[in-house]
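Sequence plus the predicted model coming up.
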Amino acid sequence: MAAGGFCKLPNGRVVVALNLPRPPTDGCGSVRVLVHAHNRARALTRLRNLGLRAVYLRGNGAPPTPDEITAVLHHPDGLIWRTAPDNAVVGGPELVQELWHPIRSLLRRPAAPA
């Protein structure tokens, strides 16, 4: 499992951040996924319900940055992603350029050729 972490908010809810391998159809690399939920277990359940079955959070090595927390709190679904280059530091200038995407755009299956 790749790096991940969480941050507990003052209202008791959590923001979980995970670096996950990108689906094989989308190329190589990884993505940074953020989930806003009542607790860590519910955050992971939200991802598993979307088909990401082998998602686990071990430790708190890469918690969400304040900018990431703000981004996920302002998204109506509370579940977003963006590319996480392997050589980039989370929250570094390389990641600032890409906007956050709703999770459904990552999980969307390519159309079958006609």
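Good, I have the coordinates.

Could you list every helix and strand that the helix or strand encompassing residue 83 packs against?
According to DSSP states H and E, residue 83 maps onto strand 79-84. Here strand 79-84 touches strand 30-37, helix 66-73, helix 93-96, strand 101-102, helix 103-107, going by 3 or more C-beta pairs under 8 Å, 6 or more residues apart in numbering; DSSP states H and E. Backbone N, C-alpha and C define where each C-beta goes, glycine included.

what's the least confident stretch among these?
Among the helices and strands packed on strand 79-84, helix 93-96 carries the lowest mean pLDDT, a mean of 49.

Compute the number of surrounding residues for residue 61.
12 (other C-beta atoms under 10 Å).

contacting residues for it?
3, 4, 5 (C-beta atoms under 8 Å, 6 or more residues apart in numbering).

Report the mean per-residue pLDDT for the one helix or strand the last one maps to.
Using DSSP H and E, residue 5 sits within strand 4-8. Per-residue pLDDT values over strand 4-8 give a mean of 95.

okay, the longest helix seen in the chain in PDB with CA atoms only?
Secondary structure of the chain per DSSP state H: the longest helix is helix 40-49. The C-alpha trace of helix 40-49 is given here as PDB (Å, rounded to 0.1, in the frame of the first residue of the first chain):
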ATOM      1  CA  ARG A  40     -11.500   6.600   9.200                       C
ATOM      2  CA  ALA A  41     -13.400   3.400   8.800                       C
ATOM      3  CA  ARG A  42     -16.300   5.200   7.000                       C
ATOM      4  CA  ALA A  43     -13.800   7.000   4.700                       C
ATOM      5  CA  LEU A  44     -12.300   3.600   3.600                       C
ATOM      6  CA  THR A  45     -15.800   2.100   3.200                       C
ATOM      7  CA  ARG A  46     -16.700   4.900   0.900                       C
ATOM      8  CA  LEU A  47     -13.700   4.000  -1.400                       C
ATOM      9  CA  ARG A  48     -14.500   0.300  -1.100                       C
ATOM     10  CA  ASN A  49     -18.100   0.900  -2.100                       C
END
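
I'm done for today, thanks for sticking with me.
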